[in-house]
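Trainee: Starting from these lines, generate the structure:
(chains A, B and C)
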Amino acid sequence: MTIPYGGDYNPEQWPAEVWDTDHRLFDAAHIDTLTVGVFTWALTQPAPDVYDFSTLDRIVSRAAAAGRRICLATGTGAHPPWLAKAYPSVTRTDFEGRKHRYGQRHNSCPSSPEFRRLSAETARRIARRYAGHPAIIAWHVGNEYGGACYCSYCAAGFRGWLRTRYSTLDGLNAAWYTTFWSHTFTDWDEIEPPSALTEHWRGPDHTAFQGITLDYLRFMSDAMLANFSDEKAAIRESDPDTPVTTNFMGLYRPVDYHRWAPHLDFVSWDNYPPDDRSAARMALAHDLMRGLKDGQPFWLMEQTPSVTACRDVNPLKRPGVMRLWSWQAVAHGADAVLFFQMRAGRGASEKYHGAVIGHAGRADTRVFREVAALGAELRRIGPATLGGRTPARVALLFDWDSWWALEISDGPSRLVRYLDVVQAYHRALWDAGAGLDVVPVTADLTGYDVVVAPVLHMVKGDLAARLSEVAARGGSVVTTFLSGRVDENDNAFLTDVPGPLGPLMGVRVDEWDARESDHVNPVAIGPAAVAARLLFELVIPQGAEVVGRYRSDFYAGTAAVTRNTYGDLLSGDRVTRGQVVTLDAHDVMVIVTDR
Amino acid sequence: MTIPYGGDYNPEQWPAEVWDTDHRLFDAAHIDTLTVGVFTWALTQPAPDVYDFSTLDRIVSRAAAAGRRICLATGTGAHPPWLAKAYPSVTRTDFEGRKHRYGQRHNSCPSSPEFRRLSAETARRIARRYAGHPAIIAWHVGNEYGGACYCSYCAAGFRGWLRTRYSTLDGLNAAWYTTFWSHTFTDWDEIEPPSALTEHWRGPDHTAFQGITLDYLRFMSDAMLANFSDEKAAIRESDPDTPVTTNFMGLYRPVDYHRWAPHLDFVSWDNYPPDDRSAARMALAHDLMRGLKDGQPFWLMEQTPSVTACRDVNPLKRPGVMRLWSWQAVAHGADAVLFFQMRAGRGASEKYHGAVIGHAGRADTRVFREVAALGAELRRIGPATLGGRTPARVALLFDWDSWWALEISDGPSRLVRYLDVVQAYHRALWDAGAGLDVVPVTADLTGYDVVVAPVLHMVKGDLAARLSEVAARGGSVVTTFLSGRVDENDNAFLTDVPGPLGPLMGVRVDEWDARESDHVNPVAIGPAAVAARLLFELVIPQGAEVVGRYRSDFYAGTAAVTRNTYGDLLSGDRVTRGQVVTLDAHDVMVIVTDR
Amino acid sequence: MTIPYGGDYNPEQWPAEVWDTDHRLFDAAHIDTLTVGVFTWALTQPAPDVYDFSTLDRIVSRAAAAGRRICLATGTGAHPPWLAKAYPSVTRTDFEGRKHRYGQRHNSCPSSPEFRRLSAETARRIARRYAGHPAIIAWHVGNEYGGACYCSYCAAGFRGWLRTRYSTLDGLNAAWYTTFWSHTFTDWDEIEPPSALTEHWRGPDHTAFQGITLDYLRFMSDAMLANFSDEKAAIRESDPDTPVTTNFMGLYRPVDYHRWAPHLDFVSWDNYPPDDRSAARMALAHDLMRGLKDGQPFWLMEQTPSVTACRDVNPLKRPGVMRLWSWQAVAHGADAVLFFQMRAGRGASEKYHGAVIGHAGRADTRVFREVAALGAELRRIGPATLGGRTPARVALLFDWDSWWALEISDGPSRLVRYLDVVQAYHRALWDAGAGLDVVPVTADLTGYDVVVAPVLHMVKGDLAARLSEVAARGGSVVTTFLSGRVDENDNAFLTDVPGPLGPLMGVRVDEWDARESDHVNPVAIGPAAVAARLLFELVIPQGAEVVGRYRSDFYAGTAAVTRNTYGDLLSGDRVTRGQVVTLDAHDVMVIVTDR
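Mentor: The predicted structure is shown next:
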């Protein structure tokens, strides 16, 4: 057993003679795993009542005959033209309220009854046909779930989701704070998806009612999860064991992967960093993906061997970079190294996307040679890394709810971006070489010495208590500005900021200042100073020690960085040096509790 | 009697125990006036045929019991969800042609028959219930009227408005210059609201027919005025005397406050400057508001004690700034100093908007202390400033028609913005400490020694004659580039530029040059030079004396600034020093007539 | 016979007494040609069954009486309000899927049966009435054809156009590469116009299927050509001889003028350069226009005597510039010098557009004097330049298909713009004073010594063979990066880049790097270096000599500029010095074949 190596392969786009060339080159490059069928719905179901697996049969047979492992997709990443014509409900209505007609991919309304029925049926039939095939090592459902729909089916689904969540309109009105702006709902049918036609202006992040928008984000993530679950259940009818996954997209805001992860047998994700300065960003994404299922290894389902095509500017991966990043993935927990794609398509929007085999079919290109060399390396290392776990003393909390709540908020500053802050803290720990897990706010924290919770805007459930326990048993908790602001419904805590984190942090914040990105307020920490930007909380210590002070403005000399002793033990010094980190865009203020 | 001090208060968002805390803190801060009910439609009319004033009764009683004065709102600033569901006509159709569904606020179509009927009925019932209550000192109708609607009801309303204005299609075709581009209308029903689906491209300022767009701006301002008047008339059925107002927004383009002002018993406005460098801008806005009703004092209806929430970046008012700006308002004619809001809401889009009382309910914050200190000061000054008038020798003309016409014009330059120029002139006078009124172009000018008319693009009615009279009796008239261009229908005068201002100015302009904002042409005025930008009129003196000359380009040495002697008297020197002012963004060229 | 001099004249906007003034001033300025009737549909057909030529009769008679030549328009550049109301199909549906109502101009759906029928009928009646009038020297159909429509009539038209092109769905599916993303079409009616509601995101250049979008661009150009042809055929029923044209817009992407040109009797175009640094750009546009009909002279149908109005900033033509640019047009092949417009309109969006006669009707303006002086010059030169031809040794290939394909491509770089590169090469030749034709890729190349083909992204038909013949007979062929990439359906060639140009160029390209615009890689050519930007092909010589090498990055030292000897003859040195040119925005890499 070696690390699965290969990637997306679409031989249905090519005549049979090309297949032979491909497999010959796969052998040359030690490629042993192929993801097939990701966009084959039109192929396997060419008409409403017609299923035709003949081409897919040949693809699977040919791959198996060559000894390759197969990750078999259900093919529902895009629906065929006839489906949109026969069942108009399957296309989406966008944020602007426009009903789409046939086109693109990721184009299915998650709430369409016909889409749900027919996508599950396709998965069911494929599983029935190929279940038990010895080459198949995993099922790949859909593709890069994402986007959103605002149609009447989704509106109805949203109302049902809300009834489940709130039971009564009184509960919903309280959660959404509808006394504000005369919004009291008196009938479930009055509720609309929050869009450019209802609660939003300027775009998806500008909403009159954060609670409504937040719930719609949660609902839409759940609605797409239902699509995944539909297909997985259909697969399980024929195949009880082979693991099922779908390819995630790393630091992707629209889908709450923490809520999805329990439903996947293993996590896989597609890694398309913008350029070759992306190592730290990828490290965070890998750690987040590994943390989705309690540290269980994941698959690197897609990466380009050379260039992307979807960006305005698509730089080339320099020599060695593909290899380096593949090993980075493995080091962070990847149990597979896969490319998109094996052979470059001739036409449409990905014809310039990099591939192991280019349009000319050559094996003597730099890119092919690097792919083959890595294949040889992976074969040499064998199973050594498979199933590996990386115990860590440090946990970094990542939370889609806080991400959403922070970025759809009116005030204090649209310039503070969740990922910027999280990445800054992650990078500081990564630069320091700390063993580190990125975990959800519901994670068991008892095993960690240090818990870092950047911009923990929303504090839900018993989290404050669990963080306090970390400190109480001698661990360190690090958090930042704009933490402890709202409850799970995005309603402000009716206490001093930072809300339920107050006792732990030993501070109180009555006011805060936001400034344009070119404004700097230096913060003195001992003899050093860091440049603070964007958002300045005026911290009033309530027992905490002052570690850093603002140097300018009317709040010069007041606390910017603090450290609190919590519980009975003395303060240690373990985390202090990592507590103030510098972002590319701005510096962050850290409120520290430590004992 | 003291200056009313307090602001918007929404206790319906809170349980009763909070009310007691609030009133205790109001006492501590000398808060004696509360604006209540601004968004209470869903509260007072929870269903089509149900009115329920029980909560409002308690709010009013509690406030009155504490001795506070009440500005009582009709609550129609947003309509409730049930209304949009029962009567789809009440929601707006936007500039893009999209029919909105329920959401946000300021969301009512001004032409919807159901909105007009039901909003008036709400006002009627509230007035009937509370008229005569001794605590009520003013009625507050709607909230921050603004925006626009492009639905079929508005289309019908527009056609009716046009019939009234033009009587015949011949008249309309002449006014709109429809021979151009084959636009001759032969049936009133052919006329559409000018939008992204008809005459516009890129946005609301880019129109194929300025005349159509200009009339729609006028119509929409009038349509919303009809909404205000509907409610005021309903109030007057029960209460013949208590003054009625609505809160304006200062330098707000969509609504022609000059046309509205006669219908208000007093003017009030909401002052939300972008940051702490806004003093000059606020001075202009205060002066404009004071000038709406011939110098009658106005109310500062809203200001934040600390921060806004609606901006991308919401800076904090520094210590003392709130006090300073409150006194600035009083000095400019404010007879009330009110905040939005008394207690911070927990949820939705204004939860981070500053408030006198924050989420924690503290009185020991910097902000509360400053509010309380100002309350004490206002109490000490008593009635001294109430009803004050500020006679002035200088009038600055402000005209929504010129604002609109200038900014929807194709050519000469989209970079010339009405407010930039007006503010530059206002600031020069304000810096010089001149007593100054900002008045409409229809104002009586006989009492002024100096009349400043920046970018007086449109010259209507007898204005040219009245300006000439100012000069003829020895006064000074100052105007600028891009003045005297079009008549009330936005048709060019068929004479030399500056049209009917030509004899007064003693100049003629055949051509003009527009350049990007980084292009400078220095203008020499005596030994000094100012940097002219954006728009360069090539001025040919027709009797005027040349004061300043361009220094570069092919028109170097020609007139940029001139002074004309008009009538029999000798020229004075009163205004000359103020005539050339420097804008932040660009310098302006001044054409002066002086005698 | 002299060069026709004059321009657009709309006396229908004015009372009769103004006409007399106009003709007196025309005489003074030697104006002998008037384009009339461009927007007269509402005038000549004021109601469905009513035609009224009385005003147009008077306009034509008055002009003829003054001895002026007339270019008579059919008046269909905008349709009248009644037409949109009576036949809603005539208005367009935009890229966003929004059905427009009445407004603007260029507002007719090209596929609307009613528009096609009624526009042709208007042309038919005008031709019937005025055919044979001795003053009429040309027919002017429509006006500045352009834009696009996405309505159901256009969808139906598109499907018909596709059936003609591909015959079968199999052919279409192959051309569009629909196996990708499950797009296999199984019914012609499944095909939708590619828009924001189907295949596009972000805008018209971002499409999931380049083949679909490319075909829609071709179809839309053809659909508008059908409108032109409808009217021309209607004219020809009464007038077999008088030449028919429509005014093109030079470097205008949406319409493939090469496909239109055979249908026009002569080419005419409107020249509105952005500012006074536009000489090189205009030279390219003139050459392109002259090349549309094998070097046949064209008309300069419109230019402003002074300023435009449609831009954000509309600079003034400096003294002498209008004269200079008029002569530039003549030198490039213009057989007419015409203005828009003769008298400035009073209202609507062109009231600030420059005119020979301004609003005040003066003859003593600088602009009028320059117009009159040029008129006198043109009269003096007489027929000397009429019908002139300019034989050239150099051909520059221009291709709308390559323009479209390059700019709708996903990858490698959105920053590479077709016109930027073409202009850079044209400018280098123009700076060198080379006699130069700009010709379509289908042109006969046998007469040229040098053929320059910048960004020849798409290589169609026998073009590669014809370019090879140029080289084989001792000529030079110059091409650039991003050439030889796709076939006529935008499918990649299944060979090494540059596809069928490979043997001619003697190079192979396996990979390419794209970088942001501020990234420079210097290319050393002999002792000199040029700054290369945006897109870097890694060139592997296959027989070609290396002329220039990259100086930085991992491909430092490898080939950037090459020269290949092709055929039997020795390489000359004719083109080499012009082969590397510097763009304003970026430098280009040149692959040279030369013998």
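Trainee: can you give me the offset of stretch A:526-542 from its chain's centre?
Mentor: How far stretch A:526-542 lies from its chain's middle: 31 Å, per CA atoms, centre = their mean, to the nearest Å.
Trainee: What mean pLDDT does it get?
Mentor: If you average the pLDDT over stretch A:526-542, you get 92.
Trainee: Would you mind splitting chain A into its domains for me?
Mentor: A:1-24+A:266-279+A:298-387, A:152-214, A:394-583 (automatic domain parsing).
Trainee: tell me, how many neighbours does the residue of the stretch 51-200 of chain A found nearest chain B end up with?
Mentor: Scanning the stretch 51-200 of chain A for the residue nearest chain B gives A:Tyr177, at 2.8 Å (criterion: CB to the nearest CB). Where you see a C-beta, it was placed from the backbone N, CA and C, and this is true even at glycine. Burial of A:Tyr177 is recorded as 25 neighbouring residues (other CB atoms under 10 Å in any protein chain shown).
Trainee: Name all residues that make contact with A:Gly502.
Mentor: A:Gly502 is in contact with A:484, A:495-496, A:508, A:542, counting by CB atoms under 8 Å, 6 or more residues apart in numbering or on different chains.
Trainee: Who wins on neighbours among these?
Mentor: Neighbour count (other CB under 10 Å) singles out A:Gly484 as the most crowded of these, with 26 neighbours.
Trainee: Let me see the contact set for that one.
Mentor: Per CB under 8 Å, 6+ apart, neighbours of A:Gly484: A:456, A:459, A:464, A:493, A:497-502, A:505.
Trainee: Kindly report the same for A:Ala344.
Mentor: Counted by CB under 8 Å, 6+ apart, A:Ala344 has contacts A:351, A:353-355, A:357-359, C:492.
Trainee: go again using 6 Å as the cut-off
Mentor: A:355, A:358-359 (CB atoms under 6 Å, 6 or more residues apart in numbering or on different chains).
Trainee: Do you know the pLDDT at it?
Mentor: Here the pLDDT value assigned to A:Ala344 is 98.
Trainee: before we move on, what about A:Gly147?
Mentor: The per-residue pLDDT reported for A:Gly147 equals 97.
Trainee: Could you do the one 3 residues further on as well?
Mentor: A:Tyr150 is assigned 98 on the pLDDT scale.
Trainee: so it makes contact with A:Thr93?
Mentor: Yes. Taking CB atoms under 6 Å as the definition, A:Tyr150 is a contact partner of A:Thr93 at 4.9 Å.
Trainee: More neighbours: the two, which one.
Mentor: More neighbours surround A:Tyr150 than the other of A:Tyr150 and A:Thr93, with 26 against 21 (other CB under 10 Å).
Trainee: so that one, which of the three states?
Mentor: Of the three states, A:Tyr150 takes coil under DSSP: H, G, I helix; E, B strand; the rest coil.
Trainee: Enumerate every residue touching it.
Mentor: A:Tyr150 neighbours (CB under 6 Å, 6+ apart): A:93, A:193, A:195.
Trainee: So which of these is the closest to chain C?
Mentor: Using CB to the nearest CB, A:Thr93 is the member of the contacts of A:Tyr150 that lies nearest chain C, at 10.1 Å.
Trainee: So what's the residue count around the residue lying closest to that closest one once chain neighbours are set aside?
Mentor: Spatial nearest neighbour of A:Thr93, chain neighbours left out: A:Cys151 (3.8 Å); criterion: CB to CB, 6 or more residues apart in numbering or on different chains. A:Cys151 has 21 neighbouring residues, counting by other CB under 10 Å.
Trainee: A:Ser195 versus the residue lying closest to A:Tyr102 once chain neighbours are set aside, what's the distance?
Mentor: Spatially, and ignoring its direct neighbours in sequence, A:Tyr102 is nearest to A:Ala84 (3.9 Å; CB to CB, 6+ apart). Computed as CB to CB, to the nearest Å, the A:Ala84 to A:Ser195 distance reads 21 Å.
Trainee: just to confirm, which helix or strand has A:Ala524 in it?
Mentor: Element membership of A:Ala524 [criterion: DSSP states H and E] is strand A:520-525.
Trainee: buried set for the helix or strand just after that strand?
Mentor: Next in sequence after strand A:520-525, counting helices and strands by DSSP H and E, comes strand A:528-533. Buried residues in strand A:528-533, counted by 16 or more other CB atoms under 10 Å in any protein chain shown: A:530, A:532-533.
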